[in-house]
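Asker: attaching a predicted model along with its sequence, questions to come.
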Amino acid sequence: MKIASINVNGIRDAVDRGFLDWLAQQDADVVCVQNIKAKSFELGDHILYPEGYEGYFLDAEEDGFSGVALYCRKIPKAIMYGLGFPQCDHEGRFLQADYDRFSIATFLMPDGSDQKAKQAFMEQYQEYLTKMSRKRREYIICGTWHIAHKTVDLANWSDNQLTSGFRPEERAWMDQVLGPTGFIDTFREINRDAGEYTWWPKLDQDVPRDRQEGWRIDYQLVGPNFRRHVVDAWIDYDATFSEFAPLIVEYDLAL
């Protein structure tokens with residue numbers, strides 16, 4: 001099973017830059033998309049239902065803001081829209097597809113432009129993650145968490161210790177998620193190298209991404225029972241339709 005996660009930072013612009021061509025080449029079972037920045041009823045069928053996929057969208061109430069989507073080759077048993085608290089649901093930040101053995105979610109954390117709002121979201125989301133970790137069902141949570149966990153996960157970390165996304169309280173929160181709460185960072189199960197990034201805040205499209213200063217703020221997290229199912233994980237640096245790069249993970253599982 002192959003799962004891709006990508007923050008398109010505006011799906012219409014991403015489509016203009018080749019997102020659907022990239023999607024058609026992936027042979028992914030599920031593609032988790034964040035930051036749609038559009039109302040789904042405004043989008044054409046070629047975006048809502050690309051060939052070979054069923055599309056599911058959760059829009060933000062505000063125009064041109066947030067929103068998440070799932071593209072699924074196999075129709076899920078059920079779709080869960082939101083998490084039941086207004087900051088998440090009104091801003092279109094969580095969408096989950098349920099299959100027989102596990103669930104796959106696309107998720108978008110607030111970016112920290114309002115740090116108090118981000119902190120409030122993290123507190124409520126932590127409660128949900130704790131409940132998830134206690135269930136017998138397994139979860140794969142994919143998306144932009146807007147937090148670089150370790151110093152290896154961003155360039156110039158020493159200059160960014162008070163920057164949203166690398167603040168001490170945010171990193172401590174990720175310590176909790178990836179520690180006592182019990183989730184696993186699938187990418188780091190495969191690759192422990194520095195210089196592996198998914199977002200470039202000052203991206204220059206004329207310079208290869210692996211030569212620019214970036215942050216790794218996108219994750220696919222699983223519970224401890226799924227650690228053994230992670231086969232491979234990589235960042236697709238050749239995809240250039242967004243300031244973010246796709247994170248792709250292969251699992252020895254079937255939908």
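Answerer: Arrived safely, thanks for sending. Numbers count the residues shown, from 1 in each chain.
Asker: for the rest of this, base every contact and every neighbour count on C-alpha atoms.
Answerer: Noted.
Asker: helix/strand/coil for the spatially most central residue of the chain?
Answerer: Note on the chain: the residue nearest the mean C-alpha position is Gly143, at 0.8 Å, using Cα atoms, centre = their mean. Secondary structure for Gly143, judged by DSSP: H, G, I helix; E, B strand; the rest coil, is strand.
Asker: pretty sure it contacts Val8?
Answerer: No: applying Cα atoms under 8 Å, one finds Gly143 not in contact with Val8, separated by 10.9 Å.
Asker: shared neighbours, the two?
Answerer: Here Gly143 and Val8 have Val33, Gln34 as joint contacts, going by Cα atoms under 8 Å, 6 or more residues apart in numbering.
Asker: circling back to that earlier point, contacting residues for the residue nearest to the centre of the chain?
Answerer: Listed by Cα under 8 Å, 6+ apart, the contact partners of Gly143 are Ser5, Ile6, Asn7, Cys32, Val33, Gln34, Thr106, Phe107, Leu108, Asp218, Tyr219, Gln220.
Asker: measure stretch 142-157 end to end?
Answerer: Distance across stretch 142-157, first residue to last, is 24 Å (Cα to Cα, to the nearest Å).
Asker: any buried residues in it, and which?
Answerer: For stretch 142-157, a neighbour-count test (16 or more other Cα atoms under 10 Å) marks 142-149, 151-155, 157 as buried.
Asker: so which of the residues you listed is the closest to Pro224?
Answerer: Proximity of those to Pro224 (Cα to Cα) peaks at Cys142, which lies at 15.6 Å.
Asker: ok, now which ones touch that closest one?
Answerer: Taking Cα under 8 Å, 6+ apart as the contact definition, Cys142 lies against Ser5, Cys32, Ile104, Ala105, Thr106, Phe107, Asp218, Tyr219, Gln220, Leu221.
Asker: what bridges to it?
Answerer: Assessed by DSSP bridges, Cys142 has beta-bridge partners Thr106, Gln220.
Asker: ok, now how distant is it from Pro168?
Answerer: 23 Å.
Asker: which residues of the stretch 101-250 of the chain score low on pLDDT?
Answerer: The model of the stretch 101-250 of the chain has no residue with pLDDT under 70.
Asker: ok, which stretches of it are helices?
Answerer: Shown for the stretch 101-250 of the chain, the helices assigned by DSSP state H, counting those that start in this stretch span residues 115-133, 168-177, 186-190.
Asker: touching, Lys150 and Arg171? I think so.
Answerer: Yes: using Cα under 8 Å, Lys150 is in contact with Arg171, at 7.4 Å.
Asker: quick check: phi and psi on Pro76?
Answerer: Phi and psi for Pro76, reported as degrees, to the nearest 10, are phi -70, psi 160.
Asker: tally up the residues packed near it, please.
Answerer: Neighbour count for Pro76, taken as other Cα atoms under 10 Å: 16.
Asker: Trp199 too?
Answerer: Trp199, neighbours per other Cα under 10 Å, totals 23.
Asker: I'm done for today, thanks for sticking with me.
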